[in-house]
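> below are the sequence and a predicted model; questions follow.
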Amino acid sequence: MDNLQTFVQQVRRRLLTVLLLNNLLLLADWWLAGQVLKLGGWWLVAAVLIAPVLSVSFVPWLSARALTRPTKLIWQAILHITPNAASVPAPDIKTVRLGRELVTNLVNHIYQLASVADGVEQTANARPANLSADFIANNLPLPLVVLGKDNTVLFANDSCCKYLGQTAADIAGKDVYSVIDMSFPSDDTFDAWLQKARTTTVTAAKTWERVRLNRPDGKNALQFDLAAYYNRDNPNGIEALLVLFDHTETYAQDDQAMSFVALAVHELRTPLTLLRGYIDVFDEELDGKLDAELKDFMFKMNAAAQQLTSFVSNILNVARIEGDQLFLRLGQGDWAGIVNTAVRDWQLRAQVRGIKLQTAIAPGLPPVGVDRLSIYEVLSNLIDNAIKYSGNGKVVVISAQLTEDGLVETTVQDHGIGIPESVVPKLFDKFYRNYRTRTRVGGTGLGLYLSKTIITAHGGNIWVRSKPGEGTTLGFTVLPYARLKAEQKAGGPSADITTSAHGWIKNHSLYRR
């Protein structure tokens, strides 16, 4: 039984005792006046009223004093630890009988809380105001940057100064975005995370992989992983901490491997072009001369060559993106014609899988501003994905329409295996493939990464909606040619607009390309 229940029972017993004594006093008063003193009439009534008058006068006073004694001692303990009432002595708990266990427990808790509060305050006051004098921060073997609430650098340790090739005097007090020119592999940048954290949370932490540090001298960029911590209410004015983990050599090897793969794949283009040319010649020259089996062989060979061509294009374009060498020429185009061309080219591969491609293109779509080659690859990747992941589904629907915002939206919908919700946020990451399907469905994990990069360079958005077992819908938007900026079309209505597609996003909107 806890102390509170013990105290309640003690109060009940005390009140019961008082009531019994009061009733006994009334009975004794009546017996003494009537039986011993032999009083009668009004004298008897007056004598019997003596006991109630005494009870009303003394019993409430004595009971209230005893019952409020525990509360008084707790109140005295609180005043004793209050800075403005330090002269109040500590309560003497030994003098209390009613509720001693409860009072002792509560007073001890009050003292403990006061001790913890003093410890926290002393620790906060003991923090060095100048981080340059902090041994741990200054000698941390990893680059450390401390930011204030206005994005200024409050402190950078020795490792950070060496890593950036600057002195502490050159870094301190400057805007972090001018000191650390970071580029991220997606639009999930440090700046975007920090802006969100400021409006949604008190503390937050996050890590990023494969961040590039662009050097002002033009040398090869450093590559590192980044860890960040945010605290809105830090009393020293420190808002964020950044720790850099250098992996330049490791990630450079990955880039070299990608370059080697791109070089090897590039050598496939010439024989692949010859192969597709001979297949087309054979298809025309031998039309009607082959039996059903040989015709099926030609059919499947043509589909395989088409798939290999798409693979080669993806590899080469990703290599160009990584080197910031993929440039797009946005010109005026008929969107219905572009979509129908891609669908017609992929009918062959769909037929091999026993899948039918259907189109639902709204009439009267405005001309769009697109790079025909790159946007064709986007359509090819989405249609190819829908075919590969259709499972038992037999229909893939390609739709195009004008949105309420005046954008041209295109969707590719399958009725296949679908995508788990946990996979969707990573779907557009480079090389990412769902572990549940990677052994059953071939692929490189580059198609959607490449598609997102190209659509972003077109000024559009790409998205996915899926449910396991019910299929997936991938959609994207492109701008009507009339919506492109007037200054970009200064050369006339037929002039092309040159833009770049890159996989690295600058950390701050002011520096974003």
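The structure has been received and is ready for your questions. Residues are numbered from 1 along each chain as shown.

> what mean pLDDT would you report for the one helix or strand Ala192 maps to?
Element membership for Ala192, per DSSP states H and E: helix 190-200. Helix 190-200 shows a mean pLDDT of 91.

> which other residues reach that helix?
Helix 190-200 has contacts (C-beta atoms under 8 Å, 6 or more residues apart in numbering) with 177, 182, 184, 204, 206, 208, 226, 228, 230, 232, 240, 242, 507-509. (Glycine included, C-beta is placed from N, CA and C.)

> how about a cut-off of 7 Å?
Contact partners of helix 190-200, identified using C-beta atoms under 7 Å, 6 or more residues apart in numbering, comprise 182, 204, 206, 208, 226, 228, 230, 240, 507-508.

> stretch 367-375 too?
328-330, 332-335, 338, 408, 454, 458, 478-481, 484, 497, 501.

> quick check: mean pLDDT of that stretch?
For stretch 367-375, the per-residue pLDDT averages 88.

> before we move on, back to that, closest to Ile387 out of the contacts of helix 190-200?
Trp208 (33.9 Å; C-beta to C-beta).

> Glu101 belongs to a helix?
Yes. Judged by DSSP: H, G, I helix; E, B strand; the rest coil, Glu101 forms part of a helix.

> show the contacting residues for it.
Going by C-beta under 7 Å, 6+ apart, Glu101 touches 3, 6.

> residue ranges with poor pLDDT in the stretch 51-200 of the chain?
51-59, 61-62, 83-87, 115-136 (pLDDT under 70).

> before we move on, back to that, show me the contacts of stretch 367-375 that map onto helices.
Counting by DSSP state H, these place 335, 338, 454 in helices.

> got those as a markdown table, with distance to Leu427 and pLDDT columns?
Formatted as a markdown table, these follow (distance: C-beta to C-beta, whole Å; pLDDT from 0 to 100):
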| residue | distance to Leu427 | pLDDT |
| --- | --- | --- |
| Trp335 | 24 | 95 |
| Ile338 | 24 | 93 |
| Ile454 | 15 | 85 |
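
> now for those residues, which sits with the most neighbours around it?
Tallying neighbours with other C-beta atoms under 10 Å puts Ile454 at the head of the ones in helices among the contacts of stretch 367-375, with 26 neighbours.

> what separation do you get for it and Leu407?
16 Å (C-beta to C-beta, to the nearest Å).

> before we move on, the earlier item: out of the contacts of helix 190-200, who's the most crowded?
Going by other C-beta under 10 Å, Met182 tops the contacts of helix 190-200 with 26 neighbours.

> residues contacting it?
Per C-beta under 7 Å, 6+ apart, neighbours of Met182: 190, 211-213, 507.

> counting neighbours, which of the contacts of stretch 367-375 end up buried?
328, 330, 332-333, 335, 338, 408, 454, 458, 478-481, 484, 497, 501 (16 or more other C-beta atoms under 10 Å).

> out of those, which is nearest to Lys295?
Nearest member of the buried ones among the contacts of stretch 367-375 to Lys295, counting by C-beta to C-beta, is Ile338, at 30.2 Å.

> ok, back up a step: going by distance to Ile81, which of the ones in helices among the contacts of stretch 367-375 wins?
For these, the nearest to Ile81 is Ile454 (67.0 Å; C-beta to C-beta).

> grab the nearest non-local neighbour of the closest one.
Ser374 (4.7 Å; C-beta to C-beta, 6 or more residues apart in numbering).

> distance of that neighbour relative to Arg329?
Taking C-beta to C-beta, one finds Ser374 at 9 Å from Arg329.

> what ranges do the strands span in the stretch 401-513 of the chain?
408-413, 462-467, 471-478, 497-501, 505-506 (DSSP state E, counting those that start in this stretch).

> out of those, flag the one nearest Leu25.
strand 462-467 (81.6 Å).

> pairing partners for that closest one, with directions?
strand 471-478 (antiparallel) (DSSP bridges).

> what's next to the partner strand, contact-wise?
368, 370, 378, 382, 385, 389, 393, 403, 407-416, 418-419, 455, 458, 460-466.

> stretch 340-358: which residues count as buried?
342-343, 345-346, 349-350, 352, 355, 357.

> can you put these in TSV and add pLDDT and distance to Leu272?
Converted to TSV, those look like this (pLDDT from 0 to 100; distance: C-beta to C-beta, whole Å):
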residue	pLDDT	distance to Leu272
Ala342	89	19
Val343	92	22
Asp345	83	15
Trp346	86	17
Arg349	80	16
Ala350	86	21
Val352	81	18
Ile355	91	24
Leu357	93	24
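
> in helices, which of those residues appear?
342-343, 345-346, 349-350, 352.

> just put those residues in JSON lines and tack on distance to Gln10.
Shown next, in JSON lines, are these (distance: C-beta to C-beta, whole Å):
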{"residue": "Ala342", "distance to Gln10": "87"}
{"residue": "Val343", "distance to Gln10": "87"}
{"residue": "Asp345", "distance to Gln10": "91"}
{"residue": "Trp346", "distance to Gln10": "86"}
{"residue": "Arg349", "distance to Gln10": "87"}
{"residue": "Ala350", "distance to Gln10": "85"}
{"residue": "Val352", "distance to Gln10": "88"}
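
> burial check on Val11, number of neighbours?
16.

> in the helix or strand hosting it, what's buried?
In this structure, Val11 sits in helix 3-31 according to DSSP H and E. The neighbour-count check on helix 3-31 (16+ other C-beta under 10 Å) flags 7, 10-11, 18, 25-26, 29 as buried.

> per-domain residue ranges of this protein.
Split into domains by automatic domain parsing, the chain comes to 3-124, 131-246, 249-323, 326-511.

> quick one on the thing from earlier: so which of the strands of the stretch 401-513 of the chain gets nearest Ile78?
The nearest among the strands of the stretch 401-513 of the chain, by C-beta to C-beta, is strand 505-506 at 56.2 Å.

> can you pull out the strands in the stretch 51-200 of the chain?
144-148, 153-156, 182-184.

> re earlier: in CSV, list the buried residues of stretch 340-358 along with distance to Gly148.
Listed next are the buried residues of stretch 340-358 as CSV, based on distance: C-beta to C-beta, whole Å:
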residue, distance to Gly148
Ala342, 51
Val343, 55
Asp345, 56
Trp346, 54
Arg349, 56
Ala350, 57
Val352, 61
Ile355, 58
Leu357, 56
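
> and the residues you listed, which two are the farthest apart?
Greatest spatial distance in the buried residues of stretch 340-358: Ala342 and Val352, 16.8 Å, computed using C-beta to C-beta.

> tally of neighbours for Ile361?
Ile361: 16 neighbours (other C-beta under 10 Å).

> now name the helix or strand holding the residue lying closest to it once chain neighbours are set aside.
Using C-beta to C-beta, 6+ apart and skipping the chain neighbours, the partner closest in space to Ile361 is Ala400 (4.5 Å). Element membership of Ala400, judged by DSSP H and E, is strand 395-402.

> residues in contact with that strand?
Looking at what lies outside strand 395-402 - C-beta under 7 Å, 6+ apart - the contacts are 335-336, 339, 343, 350, 355-362, 365, 383, 386-387, 390, 408-415.

> same list, the contacts of Met182, but as a markdown table with distance to His109 please.
Listed next are the contacts of Met182 as a markdown table, based on distance: C-beta to C-beta, whole Å:
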| residue | distance to His109 |
| --- | --- |
| Phe190 | 44 |
| Val211 | 48 |
| Arg212 | 54 |
| Leu213 | 52 |
| Asn507 | 49 |
